[in-house]
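K.L.:
Dropping a prediction and its sequence here:
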Amino acid sequence: MTTSPTDAGPVEGAHLKAGPVEQRRILATAIPGPRSKLLHQRKVSAVSAGVGTVLPVYVERAGGGILVDVDGNHLIDFGSGIAVTTVGSSAPRVVSAVQTQVEDFTHTCFMVTPYEEYVAVCERLNELTPGDGEKRSALFNSGSEAVENAVKIARVFTGRTAIVTFDHAYHGRTNLTMAMTAKNMPYKQGFGPFAGEIYRVPMAYPYRWPTGAEHCADEAFEVFVSQVHTQVGEQNTAAVVIEPIQGEGGFIVPPAGYLRRIADWCAEHGILLVADEIQTGFCRTGDWFACEHEGVVPDLITTAKGIAGGLPLAAVTGRADVMDSVHGGGLGGTYGGNPVACAAALGAIETMQAEDLCGRAREIEALFLRRLRALADKFDVIGDIRGRGAMLAIELVTGGDGASSRTPNAALAGAVNAYCHSQGVVTLTAGTFGNVIRFLPPLSAGDRLLHEGLDVLEQAFAARA
Ligand code: PLZ
């Protein structure tokens, strides 16, 4: 039995002067309300138009499964700030670890005068990531930076330059990671030229595999092997970088066994397998890391997001011989492994263990799947339900019986999303075709809230589909 968050009362935030965050949906005004609208006017005048916002309600407090906005609306959080606040947005252990650390010191730069918290986070990462061999870690500020560093490390270790990535991949917004990200709009449009030596192969996407899902595992592996061989050359390939479940690309889960075959093939050719677990890591999929579900031990793993309960921290963890192949001073950065972010990570990891949040993610999976399957029975525009743990999605299509029934339906995804927002449920879309609605609730949200959010989703389909 896992420690489920209570449904009845506030679950966290008791330390706040304003009191705990009440765990229920409250619509005090229209969404967005008048105060949010005023703040949004200031945002438009002060913040670059290049920085978008999904839902312009301005948040004042948050905890459990609720975001409280400046107009007093309580919104149900189905996004966790894009899979970040896995432990909740004001988890007591994170808050107190941060408070203590910030009073001790805020920064020294680990490359100048180090501190224990950085080392302790690396020790935890080395223990928790898959694989029993000796490991090392290095800490950075963002997911993109972790991916960049995994590429640097793989190139030094192998003495090769080519990096293989997949259709529908998302790896970040920096120059190198833009090149690795598949989708042009909005991530790449106008921002080139991009870094070289990045090669893209088709992804094993069962729902859209041309000859049918049952052929996907074998054929996708064959096309991967053939394209790397003919277009890149195994001897030139430093690493294959893959999200074990693709995130921004639409929560695409490759068929069972596919990752394992890629891993074995990489090992055969001296190519490193880098698992980008930035979105899937830290209990999100019901395991500490999504690779575990497939029994795969990557050479390197990139993490960020859920690692530190909302503070900016990211890491590369992997085989000691690979991680130690880099010359001293080759990796780093002013803020990488900031002590406050490290303290938060130690608090977040302790929370995940103490509250068995992997177990909680599996409970959430069961709850959501029951509801989503019932919804798909009613609405044939829900073409696919997929994901794992508290990382689930529905892919929306035009429906019907014809050959075009799987045509992506981005307009409906937008309409359903907008309906949920107007009713105080923060949902997110995803997918190369913009037709996927994804669910990433905080693992601190109680069942009653999750059901209420799903009731709103159901109303959205009834109203729009
Ligand atoms: N790798 C698998 O999911 C971040 C990006 C949102 P950063 N995903 C959310 C947006 O529109 O910018 C992500 C990811 C995977 C890398 C990253 C990049 O992580 O911390 O955003 O740099």
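P.N.:
Done, it's in.
K.L.:
what does this protein put close to the ligand?
P.N.:
82, 142-144, 147, 170-173, 243, 247-248, 276, 278-279, 304 (CB under 6 Å from any ligand atom). (Each C-beta comes from the backbone N, C-alpha and C, glycine too.)
K.L.:
If we use 5 Å, what do you get?
P.N.:
82, 142, 143, 144, 171, 172, 243, 247, 276, 278, 279, 304 (CB under 5 Å from any ligand atom).
K.L.:
Between all of those, which two are separated the most?
P.N.:
142 and 243 (15.9 Å; CB to CB).
K.L.:
which non-adjacent residue is nearest residue 74?
P.N.:
Take residue 74 and drop its neighbours on the chain: the residue closest to it by CB to CB, 6 or more residues apart in numbering is residue 26, 3.9 Å away.
K.L.:
next one: residue 331
P.N.:
Nearest one to residue 331, counting by CB to CB, 6+ apart, is residue 138 at 5.1 Å.
K.L.:
ok, now residue 380?
P.N.:
Closest to residue 380 by CB to CB, 6+ apart is residue 399, at 3.9 Å.
K.L.:
That neighbour belongs to a helix, doesn't it?
P.N.:
No. In this structure, residue 399 is coil, not part of a helix, as judged by DSSP: H, G, I helix; E, B strand; the rest coil.
K.L.:
OK, contacts around the residue in the stretch 101-250 of the chain that the ligand sits nearest to?
P.N.:
Using CB to the nearest ligand atom, the closest approach of the stretch 101-250 of the chain to the ligand is made by residue 143 at 2.2 Å. Counting by CB atoms under 8 Å, 6 or more residues apart in numbering, residue 143 touches 171, 172, 276, 278, 302, 304, 305, 314.
K.L.:
list the buried ones in the helix or strand where residue 365 lies?
P.N.:
Following DSSP states H and E, one finds residue 365 within helix 357-378. Using 16 or more other CB atoms under 10 Å as the test for burial, helix 357-378 gives 357-365, 367-368, 371-372, 375-376.
K.L.:
What about the contacts of residue 143, which one has the most neighbours?
P.N.:
residue 171 (33 neighbours; other CB atoms under 10 Å).
K.L.:
picking that back up, state the distance from the residue nearest to residue 331 to residue 278.
P.N.:
Distance from residue 138 to residue 278, counting by CB to CB, to the nearest Å: 15 Å.
K.L.:
Check residue 116 too.
P.N.:
Residue 116 is 25 Å from residue 278, by CB to CB.
K.L.:
Mind checking which of the residues of the chain next to the ligand are in strands?
P.N.:
If you go by DSSP state E, the residues of the chain next to the ligand have residue 276 in strands.
K.L.:
need the residues of the chain next to the ligand in CSV with pLDDT, can you?
P.N.:
Shown next, in CSV, are the residues of the chain next to the ligand (pLDDT from 0 to 100):
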residue, pLDDT
82, 98
142, 98
143, 98
144, 98
171, 98
172, 98
243, 99
247, 98
276, 99
278, 98
279, 98
304, 98
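K.L.:
Verify the contact between residue 121 and residue 336 for me.
P.N.:
No. Using CB atoms under 8 Å, residue 121 is not in contact with residue 336; the gap is 11.2 Å.
K.L.:
so what sits against both of those two?
P.N.:
With CB under 8 Å, 6+ apart, residue 121 and residue 336 have common neighbours residue 139.
K.L.:
which parts of stretch 91-108 are buried?
P.N.:
The neighbour-count criterion (16+ other CB under 10 Å) identifies 91, 92, 93, 94, 95, 97, 98, 101 as the buried residues of stretch 91-108.
K.L.:
For it, list the C-alpha coordinates in PDB.
P.N.:
Extracted in PDB, the C-alpha atoms of stretch 91-108 (Å, rounded to 0.1, in the frame of the first residue of the first chain):
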ATOM      1  CA  ALA A  91       6.700  19.500  -1.000                       C
ATOM      2  CA  PRO A  92       7.700  19.900   2.700                       C
ATOM      3  CA  ARG A  93      11.000  18.200   2.500                       C
ATOM      4  CA  VAL A  94      12.000  20.300  -0.500                       C
ATOM      5  CA  VAL A  95      10.900  23.500   1.100                       C
ATOM      6  CA  SER A  96      12.700  22.900   4.300                       C
ATOM      7  CA  ALA A  97      15.900  21.700   2.600                       C
ATOM      8  CA  VAL A  98      15.900  24.800   0.400                       C
ATOM      9  CA  GLN A  99      15.300  27.100   3.400                       C
ATOM     10  CA  THR A 100      18.100  25.600   5.400                       C
ATOM     11  CA  GLN A 101      20.500  25.700   2.500                       C
ATOM     12  CA  VAL A 102      19.700  29.200   1.400                       C
ATOM     13  CA  GLU A 103      20.600  30.500   4.900                       C
ATOM     14  CA  ASP A 104      23.900  28.500   4.900                       C
ATOM     15  CA  PHE A 105      25.100  29.800   1.600                       C
ATOM     16  CA  THR A 106      23.700  30.200  -1.900                       C
ATOM     17  CA  HIS A 107      26.700  29.600  -4.100                       C
ATOM     18  CA  THR A 108      30.400  29.100  -4.200                       C
END
